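In: using only what follows, build the 3D model:
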Amino acid sequence: MTPEQKLAELGLTLPQVPVPVANYVPFRIVGDLLYLSGQGPKRPDGTYRPGRLGRDATIEEGYADAQLAGLQLLAVAKAALGDLSRIKAVVKLLGMVNAEPDFADHPKVINGCSDLLVNVLGEAGRHARSAVGMGSLPNAMTVEVEAILQIAP
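Out: As a prediction, the model looks like this:
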């Protein structure tokens, strides 16, 4: 089953690839690595759900937002590669959580993205990861995730 078929089986669709709002590109291919710029939980209407974990967003809401960020990452990867089957491995994720200073469950939040990647890509979706707290994120969004993928020619 291809990753695209797995997405459909899970009832998920890839969103539109976001247009950069500053001086950067959404992805860069260097050798057999695909670097994906940070993505947030963009809603279908183009807005981001704002909030800080530990204050006005729950772990469950953060998990769902991290899953949305993961869908954005997959959408950018598909735009870069044409076919998600070219992903050989998710090498590394950096998950950033907009959180109160005393919030300590960053890994539980970023699991939303990690679980999505494993569910869609299987063993190729398993990865090294950092899940860290931030004092703020762009658009006041709850999470931002960036990724490094190993790709086939």
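In: wait, is residue 70 part of a strand?
Out: No. Residue 70: not assigned to a strand; according to DSSP: H, G, I helix; E, B strand; the rest coil it is helix.
In: count the neighbours of it for me.
Out: Residues lying near residue 70 (other C-beta atoms under 10 Å) number 29. Yep, even glycine has a C-beta here, placed from its N, CA and C like the rest.
In: ok, residue 113 touching residue 62?
Out: No. Assessed by C-beta atoms under 8 Å, residue 113 is found out of contact with residue 62, at 10.5 Å.
In: common neighbours of the two, please.
Out: residue 143 (C-beta atoms under 8 Å, 6 or more residues apart in numbering).
In: pairing partners for the top strand by length along the chain, with directions?
Out: The longest strand of the chain (DSSP state E) is strand 87-98. Under the criterion DSSP bridges, strand 87-98 sits next to strand 128-134 (parallel), strand 143-151 (antiparallel) in its sheet.
In: next SSE downstream of it?
Out: Per DSSP states H and E, strand 87-98 leads on to helix 106-121 as the next helix or strand towards the C-terminus.
In: before we move on, the earlier item: and the angle from the longest strand of the chain to helix 106-121?
Out: Here the directions of strand 87-98 and helix 106-121 differ by 150 degrees (axes from the mean of the first three to the mean of the last three C-alpha atoms, to 10 degrees).
In: that's a strand at residue 55, yeah?
Out: No. With three-state DSSP as the criterion, residue 55 is coil rather than part of a strand.
In: give the closest residue to it in space, chain neighbours not counted.
Out: Excluding the flanking residues, the one nearest residue 55 by C-beta to C-beta, 6 or more residues apart in numbering is residue 100, at 5.0 Å.
In: quick one: which of the strands paired with strand 87-98 is nearest residue 31?
Out: Nearest to residue 31 among these is strand 143-151; the distance by C-beta to C-beta comes to 9.2 Å.
In: figure out how far the closest one is from the centre of its chain.
Out: 7 Å (C-alpha atoms, centre = their mean, to the nearest Å).
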